[in-house]
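# attaching a predicted model along with its sequence, questions to come.
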Amino acid sequence: MKSFLATPAATLIAAALLWFATFYLEFGNFWLKITISSACLAALSLRLPGGGRSGLCLDLNAAVVGLLSAAVLYGVFRAGRTVSMRVFPFAGLQIENIYGKGEGTPLWLIFLVLLLVTGPCEEIYWRGYLQRTLAERFGGFAGWVLASGAYAGVHIWSFNFMLIGAAGVAGAFWGAIYWRTGRLAPVIVSHSLWSAVVFTLAPFN
């Protein structure tokens, strides 16, 4: 039993339960719940063998790659929003529902939470622990596919097609950077900057 708790499968169950409480259950503030959930996953992964510790050193190269990739991903999502609004009649409402979560929370607080907590913590678990562990076991490509699929999959509790799709695209994008560079720092910068900008400074709604 103890050995199972230290496996990717066990951590994925924990992630699914945390995302269920965050996205499906209506109690509490959404931003507080996602902060706690992502921090719990990061803390869990850091306690496991080799989990999420490598490639954390932030240098100029990591900052540049992170910044540029965040800009590229923003452009991808901006174009994707335009296409989605024309193809899916429900896209506008679902995008509004995403931004409606945690309504009433100050934008400056959301910005800081995304930049300093949820972005780094999610990457420490999803790429630094899960993708790395799966890649070591099944190979780089399979690890990328499985981790990206799992990241999109836990968002199913939102029952929001646009959010699930967005998580799939973003997860695959950040996973590809991690697979290519073998470093977590640029992915953390990319995720943190992108999410902070998308939800506060330049939203898609």
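That came through fine.
# only C-alpha atoms from now on, for both contacts and neighbour counts.
Will do.
# check what pLDDT the residue nearest the centre of the chain gets.
Geometric centre of the chain, nearest residue: Glu122, 5.3 Å, by Cα atoms, centre = their mean. At Glu122, the predicted lDDT confidence score is 97.
# which element, helix or strand, includes the closest residue to it other than its chain neighbours?
Excluding its sequence neighbours, the residue lying closest to Glu122 (Cα to Cα, 6 or more residues apart in numbering) is Ser38, at 5.4 Å. Per DSSP states H and E, Ser38 falls inside helix 30-47.
# list the buried residues of the helix ranked longest in the chain.
As assigned by DSSP state H, the longest helix anywhere in the chain is helix 60-87. In terms of neighbour count (16 or more other Cα atoms under 10 Å), helix 60-87 has its buried residues at 62-63, 65-67, 69-71, 73-74, 77, 81, 84.
# what about the helices in the protein?
Under DSSP H, the chain gives helices at 8-19, 30-47, 60-87, 91-100, 107-113, 119-125, 132-138, 140-154, 161-181, 185-196.
# now the ones you listed in a markdown table, with distance to Phe204?
Converted to a markdown table, the helices of the chain look like this (distance: least, Cα to Cα, whole Å):
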| stretch | distance to Phe204 |
| --- | --- |
| helix 8-19 | 23 |
| helix 30-47 | 18 |
| helix 60-87 | 7 |
| helix 91-100 | 8 |
| helix 107-113 | 15 |
| helix 119-125 | 19 |
| helix 132-138 | 31 |
| helix 140-154 | 19 |
| helix 161-181 | 12 |
| helix 185-196 | 11 |
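# out of the ones you listed, which is closest to Asn205?
Across the helices of the chain, Asn205 has its closest neighbour in helix 91-100 (5.9 Å, Cα to Cα).
# for the closest one, buried residues please.
Ala91, Gly92, Gln94, Ile95.
# now tabulate the residues you listed in JSON lines and tack on distance to Ala142.
JSON lines is the format used below for those (distance: Cα to Cα, whole Å):
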{"residue": "Ala91", "distance to Ala142": "31"}
{"residue": "Gly92", "distance to Ala142": "34"}
{"residue": "Gln94", "distance to Ala142": "31"}
{"residue": "Ile95", "distance to Ala142": "30"}
